[in-house]
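> sequence? don't have it. structure:
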Ligand code: FAD
């Protein structure tokens, strides 16, 4: 199987760096092919702007999504964007690895998503009409592929528990797992989380990599998070709210889980 690891940490000798190296070794030892997009090492351009469509008509105002659509359709995107899209198409599984920074991913990874997820590639895919909202949330170009987050935090596990002060981790990660990964079609596996990283020592590192190794071994067999599919009958069209008889009384993020 082919695995793309998109890794966002500025320091190779960090905990994240060690977990990244472990991940690559474990997957390769199991016979998988691994590509790493090490965003800081690549000096990845994190901002989406007119330079992403180098052949655009500069006499017209830049429009982030329409210029993306045109450049993708015409094959005139910036070369770094096209290369990352090729890696995504090559991959059977995607891992996004990052330290939690201000309750979400580092800006450089957000910029990877904004730029690589072009119009026609990750959104705006399929029929868009009064009766259909395209292929998304369970369908799309990434359908059949798996994805998993690997996230480290300074905060304790209890801070991210259902009544913890930071809010539940499932809720914080919902926009990434449901919005960024399920939207273009990935099956999303439960995240691999390392809390309270300041308390890491050699013994805990061994426990952590043991657990990570198990999770990587199960990349193809683990049960994905049961997000609802947009086009499977649970949602009213065109409003895309849950039908009254689906998850009655539930609202918010949890309602979009079966
Ligand atoms: P490092 O700092 O590199 O290492 C952590 C510990 O692991 C150190 O004690 C180190 O000695 C040890 N270690 C490293 N490698 C090994 C190894 N191979 N074997 C054994 N031990 C090792 N946290 C939150 O919870 N919520 C937030 O919103 C949040 N926002 C942040 C925003 C910013 C801008 C920053 C800088 C930090 C933020 N943090 C937050 C904390 C952040 O999530 C953690 O600092 C980060 O997850 C730690 O990962 P690291 O790879 O940088 O660890």
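Yep, that arrived. The shown structure was predicted, so the numbers you read here are calculated from the model rather than taken from an experiment. Residues are numbered from 1 along each chain as shown.
> Quick check: what element follows the strand or helix carrying residue 70 along the chain?
Assessed by DSSP states H and E, residue 70 sits inside helix 64-74. Next along the chain after helix 64-74, taking DSSP H and E as the criterion, comes helix 79-90.
> Please enumerate the strands of this protein.
In the chain, the strands defined using DSSP state E lie at 2-7, 33-38, 93-99, 146-152, 187-188, 192-194.
> Residue 160 versus the nearest residue to residue 100 once chain neighbours are set aside, what's the distance?
Residue nearest to residue 100 in three dimensions, not counting chain neighbours: residue 153, with 4.5 Å by Cβ to Cβ, 6 or more residues apart in numbering. (C-beta placed from N, C-alpha, C; glycine too.) Noted for residue 153: a distance of 7 Å to residue 160, by Cβ to Cβ, to the nearest Å.
> Common neighbours of the two, please.
Residues touching both residue 153 and residue 160 (Cβ atoms under 8 Å, 6 or more residues apart in numbering): residue 195.
> for the closest residue to residue 195 other than its chain neighbours, what are its contacts?
Leaving aside its sequence neighbours, residue 195 sits nearest to residue 157 (Cβ to Cβ, 6+ apart; 4.3 Å). By Cβ under 8 Å, 6+ apart, the contact list for residue 157 reads 193, 195, 196.
> number of nearby residues for residue 48?
Residues lying near residue 48 (other Cβ atoms under 10 Å) number 21.
> Hmm, I typed the wrong one, I wanted residue 58.
Neighbours around residue 58, by other Cβ under 10 Å: 9.
> Report pLDDT for it.
Residue 58 is assigned a predicted lDDT (pLDDT) of 95.
> count of residues packed around residue 74?
11.
> dump the residue contacts of it.
Residue 74 touches residue 55, counting by Cβ under 8 Å, 6+ apart.
> No further questions, thank you.
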